[in-house]
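>>> Okay, here's the prediction I keep looking at, along with the sequence it came from:
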Amino acid sequence: MSSMRGASAYGRGAGAYARVGIESATMSANPHRLIVMLFDGAIGAIRAARIHIEAGNTGEKGKSISKALEIVNDGLAAALDIEKGGEIAERLASLYDYIARLLLSANLHNDVESLDQAERLLGDIASAWREIGTAEAQG
């Protein structure tokens with residue numbers, strides 16, 4: 001019985017430690033790094049959703065897709081500045097909207113292909129975003 005409580009306490013402690021690590025990284029990150037972290041979070045949530053679909057775990061699949069949607073809509077899309085970003089920002093907004101629709105379809109139909117497509121698109125944008133950061137750091 002006490003080993004169960006110990007394992008439970010360890011799990012809570014490990015989770016709290018991970019949250020502190022993420023919070024620390026977030027607080028010390030520059031705006032460019034924050035966007036990279038959003039991409040990483042969305043892609044990670046999509047990968048988790050795929051695992052849950054394959055395992056038949058509907059509840060956790062829904063949570064993972066909801067997390068990815070929240071990151072795409074409330075993080076990535078909300079960070080766009082259409083006035084400063086112009087056409088590129090408008091195209092990204094359309095692309096994020098399309099990704100959100102793919103995620104909704106994946107959730108509704110347990111569609112792994114929609115998850116794959118959303119992950120590929122986010123991965124491509126994230127890759128370009130990382131290259132911009134590397135170029136800025138060098139130049």
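Right, received. Where do you want to start?

>>> any idea how far whatever helix or strand R120 lives in is from the chain center?
For R120, the host element (DSSP states H and E) is helix 112-138. Between the centre of helix 112-138 and the centre of its chain there are 11 Å (Cα atoms, centre = their mean, to the nearest Å).

>>> Could you tell me which residues within it count as buried?
Buried residues in helix 112-138, counted by 16 or more other Cβ atoms under 10 Å: S114, L115, Q117, A118, E119, L122, I125, A126, W129. To be clear about C-beta, it is placed using only N, CA and C from the backbone, and glycine gets the same treatment.

>>> Turn the residues you listed into JSON lines, columns for distance to R91 and pLDDT.
Shown next, in JSON lines, are these (distance: Cβ to Cβ, whole Å; pLDDT from 0 to 100):
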{"residue": "S114", "distance to R91": "21", "pLDDT": "98"}
{"residue": "L115", "distance to R91": "22", "pLDDT": "98"}
{"residue": "Q117", "distance to R91": "17", "pLDDT": "98"}
{"residue": "A118", "distance to R91": "17", "pLDDT": "98"}
{"residue": "E119", "distance to R91": "19", "pLDDT": "98"}
{"residue": "L122", "distance to R91": "15", "pLDDT": "98"}
{"residue": "I125", "distance to R91": "10", "pLDDT": "97"}
{"residue": "A126", "distance to R91": "16", "pLDDT": "97"}
{"residue": "W129", "distance to R91": "14", "pLDDT": "92"}
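
>>> Which single one of the residues you listed is nearest to D40?
The nearest member of those to D40, counting by Cβ to Cβ, is A126 at 7.4 Å.

>>> Quick check: the gap between that closest one and S105.
Distance, A126 to S105, by Cβ to Cβ, to the nearest Å: 21 Å.

>>> go on, G133?
31 Å.

>>> can you list contacts of stretch 47-54?
Contacts with stretch 47-54, where a contact means Cβ atoms under 8 Å, 6 or more residues apart in numbering, come from 58, 60-61, 64-65, 68, 106-107, 110, 112, 115-116, 119.
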